[in-house]
Each structure stands twice: as structure tokens, then as C-alpha cells.
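# Test case, fold it:
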Amino acid sequence: MGRGKKYAAISEKVDRETNYELHSAISFLKENATANFDETIEFAFRMGVDPSKSDQAIRSTVALPHGTGKDVRVIVFATGDAADAARDAGAVEVGFEELIKKVQDGWTNFDAAVATPDAMKEVRKVARVLGPRGLMPNPKTGTVSEDTASAVTQLKAGRVEFRMDRNGNIAVPFGKRSFEETALLENAQAVVDALNGARPASAKGTYIKRCTVSSTMGPGLRVALKEVSA
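As a prediction, the model looks like this:
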């Protein structure tokens, strides 16, 4: 399917030979938006590590200081007090065996999943459903925790998980078009800091090979690497 006329008109304004400063790229996307909804602004990184090597895998989280602008739907695999705490914190669905069965049957209408450590043995049964979608609870990202209330609160407040795919790419949303530019810049800087902080010890040479910023319906603008390098 081809792009629309509005996209083509905006795309023609992009200088393909320019590596934009981050604030300029964000300003362009805000000023040239044509969608009739509040578009998401997102980073796309091409990493300089070997995705086939397990010791060079990149997976971490970032707490966006101004949130994501999205109502994050969190589910929690837990029982007892941990389940009650998760409900009180705003989880959209809490349960154990019945929730596992629901996910096994194909339900994935949520944005993040949390589990208590003792629930993980059973939750692994739905790894084939959750894993490919980046929804599998993981201790490294704080989504396997006894403190379910804190995990849910942080996710709803704007903690975003990112991970490198098998082709060496990482995509990270960092806000909405309606955000003030300063808020988007501060969220973007938090992502950059977190990504650089997640650099594997075994990674050599150029860590970030390419970075672009785009909106949901807008073109991608290549960002100068000095803007995102540690």
C-alpha cells in the first residue's frame, strides 16, 4: 500500500542529506503533523553490536520523566496479598491459573505483564505468547517482583521497556505529539541515557550506528549521532 499525499508532501520537506539535531527533528514532527489523532513520537536505533551473540543482547527499561501519554494496561500474575496490591495499584487484570489460561487462549489486550517470583514457573507456559510480543515478565526489567504495586505504578507512570530485535534494531516510544517540546526532549534524553547505560561489556566499536525519530504517520528524520552517543 502506498503512502498518502499528505505523507508525501511532508516527506519532501525532509533533507535526506542532513543529520538533524534532536530538538530540530522533534520540532519538525510537531510542526508538520497532519494526523487527526495524537501521534506517538518514537526513536528507531540501528545498533552496532552482534544480535546473534547472547552476551551482546540489549534489554532494559527507562522511566520517562513525563510519561508516555498513554494509559498503560498492566496485568499481573499473582495470588493473595500481591494480587490485592496489584488491583489497588490499577492493574487491569489480576489472577493466576485462570489468567494464564486466558493468555494461552490468545488474549493479549494489554501493554505490560508483571508476575511474582513464585508465579513464574506457571507463567513460563505462556512464554510463546508473551515472548514474541515483548510482554514476558523478566527480573531484569523489574516485571518479576514481590512488590507488585510498585511495578504496576512504575509501568503506568511511564516506565518503558526496550529490547534489541534479531536484526539489531531497537524502537522506543518517548511521548505524544501533544507534549511540549521540552517534555519530549527530556523524555528523549532519558531514553538515550538508558540505552547507553545498557551497553554490553563485550560490545566493541560503534555502539549506535544510526538513529531516526518519527511520528506515527510522519517520515523518519535521521538524528546526528553526537546527539545520542555517550
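# elements contacting the lengthiest helix in the chain?
For the chain, the helix that runs over the most residues, judged by DSSP state H, is helix 181-197. For helix 181-197, the contact count by 3 or more CB pairs under 8 Å, 6 or more residues apart in numbering; DSSP states H and E identifies helix 22-31, strand 40-47, strand 59-63, strand 159-163, strand 169-176 as packing neighbours. Yep, even glycine has a C-beta here, placed from its N, CA and C like the rest.
# and the angle for the first one with strand 169-176?
Same thing as helix 22-31. Calculated by axes from the mean of the first three to the mean of the last three CA atoms, to 10 degrees, helix 22-31 forms an angle of 60 degrees with strand 169-176.
# buried stuff in helix 22-31?
Residues of helix 22-31 classed as buried: 22, 25-26, 28-30 (neighbour count, 16 or more other CB atoms under 10 Å).
# what's the answer for stretch 137-153, then?
For stretch 137-153, a neighbour-count test (16+ other CB under 10 Å) marks 137-138, 141-145, 147-149, 151-153 as buried.
# Would you mind putting the CA coordinates of the lowest-mean-pLDDT helix or strand in the chain into PDB?
Least confident helix or strand of the chain, by mean pLDDT, DSSP states H and E, is helix 5-11 with a mean of 80. Extracted as PDB, the C-alpha positions of helix 5-11 are listed here (Å, rounded to 0.1, in the frame of the first residue of the first chain):
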ATOM      1  CA  LYS A   5      -0.400  12.600  -0.400                       C
ATOM      2  CA  LYS A   6       0.000  14.300   3.000                       C
ATOM      3  CA  TYR A   7       2.800  12.000   3.900                       C
ATOM      4  CA  ALA A   8       4.500  12.600   0.500                       C
ATOM      5  CA  ALA A   9       4.200  16.400   1.000                       C
ATOM      6  CA  ILE A  10       5.800  16.300   4.400                       C
ATOM      7  CA  SER A  11       8.400  13.800   3.300                       C
END
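# For it, which outside residues touch it?
With contacts defined as CB atoms under 8 Å, 6 or more residues apart in numbering, helix 5-11 is touched by 3, 32, 34, 217-219.
# Check the gap between the residue located most distally from the centre of the chain and residue 66 for me.
Distance to the chain centre peaks in the chain at residue 80, reaching 29.9 Å (criterion: CA atoms, centre = their mean). According to CB to CB, to the nearest Å, residue 80 and residue 66 sit 35 Å apart.
# Tell me who's in contact with residue 189.
Per CB under 8 Å, 6+ apart, neighbours of residue 189: none.
# And it, how close does it get to residue 183?
Per CB to CB, residue 189 is found 11 Å from residue 183.
# circling back: is it possible to export the helices and strands packed on helix 181-197 to CSV including distance to residue 15?
Shown next, in CSV, are those (distance: least, CB to CB, whole Å):
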stretch, distance to residue 15
helix 22-31, 10
strand 40-47, 18
strand 59-63, 29
strand 159-163, 28
strand 169-176, 23
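# export those to a markdown table and tack on mean pLDDT and distance to residue 132?
Below are the helices and strands packed on helix 181-197 laid out as a markdown table (pLDDT from 0 to 100; distance: least, CB to CB, whole Å):
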| stretch | mean pLDDT | distance to residue 132 |
| --- | --- | --- |
| helix 22-31 | 94 | 29 |
| strand 40-47 | 97 | 19 |
| strand 59-63 | 91 | 14 |
| strand 159-163 | 90 | 11 |
| strand 169-176 | 96 | 15 |
